[in-house]
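Peer 1: the following comprises the amino acid sequence and a computationally predicted model.
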Amino acid sequence: MARIIAGKEIVTSMNGTLKQETALLKEKGCTPTLAIVRVGDQPESAAYQAGATKRCEKLGIAVQALILPQSSSLNEVLEVIEALNHAPSVHGVLLLRPFPAHLDDRAIRDTLCCEKDVDGVTSLSLYGVFTGVAQGFPPCTAQACIDILDYCGIPLRGKRAVVVGASLVIGRPVAMMLLARGATVTLCHIDTVDLPSECRRAEIIIAAAGARSLINESCLSPGQVILDVGVTVGADGRLYGDVDFEAANAVAAALSPVPGGVGTVTTTILAKHVIEAAKRTMPLI
């Protein structure tokens, strides 16, 4: 049986330090503040907003929600973001996506200054991840994967890691972050030829393709550490990951579940980034 990596356990371990850092900032006259920008009323975005707000407020982070009409023009959205860029009291900005189809996603993302890009969506933030230049922040879910591995005491240097999924939200950035920590990384996706053999050679698998049970018994080897980041809603309304949980549980050394694994940690990483952004405005902290 694998060690089940519970996100709640990791979040609990992080909360004490984050509360202390927030308290120290407030003593210095700085309240870490997150602005959340949402265009329209997509249920998934509204749900993530609620979760992020709850997590941040528990840690003493102030949250400002800016909800724009579905019909908002590109210029109207950009004006809001530019105002946040220049607002000294706002330390981080979360852009809830996807935006309505009539809006230019990249134009919106790249208007946000990378210093306040606490979810790593701008081109400059991603450039920092890919080049090792310290600017902006990595995507929260990618950072959650790294922090989970650290929490579990999983050494990365010299390890063979396979990342399944090549999105700019998780797959590609987490591959670069593993590489920066000394892992030997293979980046795969759903069209990879003989994916099972690539996965079997890995000591660490991060599955982020969004394909239910893509990582099945044929992909597994004894003793692997497996982080399941994929989420698919089944016909029964339940959430399923990219990994066949029962098959992996039988052979893996450690395994994160869906739900209750990586996703649980992501909003805490968001809060961590807001606090870090606030600290960067106060060099003495």
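Peer 2: Now that the structure is in, tell me what you want to look at.

Peer 1: residue 210: what's it in contact with?
Peer 2: 165, 230, 231, 232, 242 (CB atoms under 8 Å, 6 or more residues apart in numbering). To be clear about C-beta, it is placed using only N, CA and C from the backbone, and glycine gets the same treatment.

Peer 1: cool, residue 96 as well?
Peer 2: Counted by CB under 8 Å, 6+ apart, residue 96 has contacts 36, 37, 38, 39, 42, 45, 48, 49.

Peer 1: go again with 10 Å.
Peer 2: Taking CB atoms under 10 Å, 6 or more residues apart in numbering, we find residue 96 in contact with 36-40, 42, 44-46, 48-49, 52, 65, 67, 119.

Peer 1: for residue 47, see how far away it is.
Peer 2: For residue 96, the distance to residue 47 (CB to CB, to the nearest Å) stands at 10 Å.

Peer 1: looking only at pLDDT, what's the mean for stretch 147-156?
Peer 2: Per-residue pLDDT values over stretch 147-156 give a mean of 97.

Peer 1: what's the answer for stretch 62-71, then?
Peer 2: So the average pLDDT for stretch 62-71 ends up being 97.

Peer 1: report the buried residues of that stretch.
Peer 2: 62, 63, 68 (16 or more other CB atoms under 10 Å).

Peer 1: residues making contact with the least confident helix or strand in the chain by mean pLDDT?
Peer 2: Averaged element by element with mean pLDDT, DSSP states H and E, the chain has its least confident helix or strand at strand 232-233 (a mean of 90). Contact partners of strand 232-233, identified using CB under 10 Å, 6+ apart, comprise 209, 210, 211, 212, 213, 214, 238, 239, 240, 241, 242, 258.

Peer 1: got a list of what residue 261 touches?
Peer 2: 4-8, 10, 144, 148, 226-229, 241, 243, 255.

Peer 1: now, of the residues you listed, which are buried?
Peer 2: Buried among those (16+ other CB under 10 Å): 5, 7, 10, 144, 148, 226, 227, 228, 229, 241, 243, 255.

Peer 1: quick check: buried residues in the helix or strand hosting the third one?
Peer 2: Going back to what we said before, that points to residue 10. Secondary structure assignment for residue 10, by DSSP states H and E: helix 7-27. Neighbour counts over helix 7-27 (16+ other CB under 10 Å) mark 7, 10, 11, 14, 18, 19, 21, 22, 25 as buried.

Peer 1: phi first, then psi, for residue 214.
Peer 2: Residue 214 has phi and psi values of phi -60, psi -40 when expressed as degrees, to the nearest 10.

Peer 1: that one against residue 244, yeah?
Peer 2: Yes: counting by CB atoms under 10 Å, residue 244 is a contact partner of residue 214 at 8.6 Å.

Peer 1: roughly how far is stretch 98-107 from the heart of the chain?
Peer 2: Here stretch 98-107 shows a centroid-to-chain-centroid distance of 20 Å under the convention CA atoms, centre = their mean, to the nearest Å.

Peer 1: quote the end-to-end distance of that stretch.
Peer 2: Start to finish, the residues bounding stretch 98-107 are 13 Å apart (CA to CA, to the nearest Å).

Peer 1: what's the average pLDDT for that stretch?
Peer 2: Across stretch 98-107, pLDDT averages out at 96.

Peer 1: shaky segments in the stretch 1-150 of the chain?
Peer 2: Along the stretch 1-150 of the chain, the model assigns pLDDT under 70 to no residue.

Peer 1: which parts of this protein are strands?
Peer 2: Per DSSP state E, the chain carries strands over the ranges 3-4, 33-39, 62-68, 92-95, 160-164, 184-188, 204-207, 225-228, 232-233, 239-240, 254-255.

Peer 1: just put those strands in JSON lines and tack on distance to residue 265.
Peer 2: Listed next are those as JSON lines, based on distance: least, CB to CB, whole Å:
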{"stretch": "strand 3-4", "distance to residue 265": "14"}
{"stretch": "strand 33-39", "distance to residue 265": "17"}
{"stretch": "strand 62-68", "distance to residue 265": "19"}
{"stretch": "strand 92-95", "distance to residue 265": "16"}
{"stretch": "strand 160-164", "distance to residue 265": "17"}
{"stretch": "strand 184-188", "distance to residue 265": "21"}
{"stretch": "strand 204-207", "distance to residue 265": "13"}
{"stretch": "strand 225-228", "distance to residue 265": "10"}
{"stretch": "strand 232-233", "distance to residue 265": "19"}
{"stretch": "strand 239-240", "distance to residue 265": "16"}
{"stretch": "strand 254-255", "distance to residue 265": "14"}
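
Peer 1: so which of those strands gets nearest residue 102?
Peer 2: Closest to residue 102 of the strands of the chain is strand 33-39 (CB to CB; 10.0 Å).
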